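Undergrad: give me a model of this one.
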Amino acid sequence: KLAQGENAVVLQVEIATLLEKGGIEPIPSAKMKGFVSPCFIVPRKGGGLTPILDP
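TA: Predicted coordinates:
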């Protein structure tokens with residue numbers, strides 16, 4: 001299931017940050033056959049959301 005609303009924004013920001021830092025790298029579209037690594041959002045105890053990337 002694709003993230004929507006606030007979850008989608010949190011994931012987009014986290015992915016952009018990781019790309020910028022070299023923590024993840026893009027996969028050429030010719031090699032992409034679905035998701036390479038699942039990611040999801042969990043709520044923080046103090047409020048807000050935490051993105052989780054499962055390598």
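
Undergrad: count of neighbours near Leu18?
TA: Neighbour count of Leu18, defined by other Cβ atoms under 10 Å: 14. Glycine gets a C-beta too; all of them are placed from N, C-alpha and C.

Undergrad: could you pull up phi and psi at the nearest residue to Pro43 once chain neighbours are set aside?
TA: Nearest non-adjacent residue to Pro43, counting by Cβ to Cβ, 6 or more residues apart in numbering: Leu49, 6.1 Å away. Per-residue torsions, Leu49: phi -130, psi 150 (degrees, to the nearest 10).

Undergrad: now Leu49: how far from Ile41?
TA: To Ile41, Leu49 is 5 Å away according to Cβ to Cβ, to the nearest Å.

Undergrad: cool, Val13 as well?
TA: Taking Cβ to Cβ, one finds Val13 at 11 Å from Ile41.

Undergrad: looking at those two, which one has more neighbours?
TA: Neighbour count, other Cβ under 10 Å: between Val13 and Ile41, Ile41 has more, with 17 against 11.

Undergrad: need the phi and psi values for that one.
TA: Here Ile41 shows phi and psi, under degrees, to the nearest 10, equal to phi -120, psi 140.

Undergrad: what's near enough to touch it?
TA: Neighbouring residues of Ile41 by Cβ atoms under 8 Å, 6 or more residues apart in numbering: 3, 7, 10-11, 49-52.

Undergrad: can you put the residues you listed in TSV and add pLDDT and secondary structure?
TA: Below are these laid out as TSV (pLDDT from 0 to 100; DSSP: H, G, I helix; E, B strand; the rest coil):
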residue	pLDDT	secondary structure
Ala3	73	coil
Asn7	81	helix
Val10	85	helix
Leu11	84	helix
Leu49	86	strand
Thr50	87	strand
Pro51	84	strand
Ile52	85	strand
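
Undergrad: buried ones among the residues you listed?
TA: 10-11, 51 (16 or more other Cβ atoms under 10 Å).

Undergrad: tell me the one of the residues you listed nearest Gly22?
TA: Proximity of the buried ones among the contacts of Ile41 to Gly22, judged by Cβ to Cβ, is greatest for Pro51, which lies at 17.2 Å.
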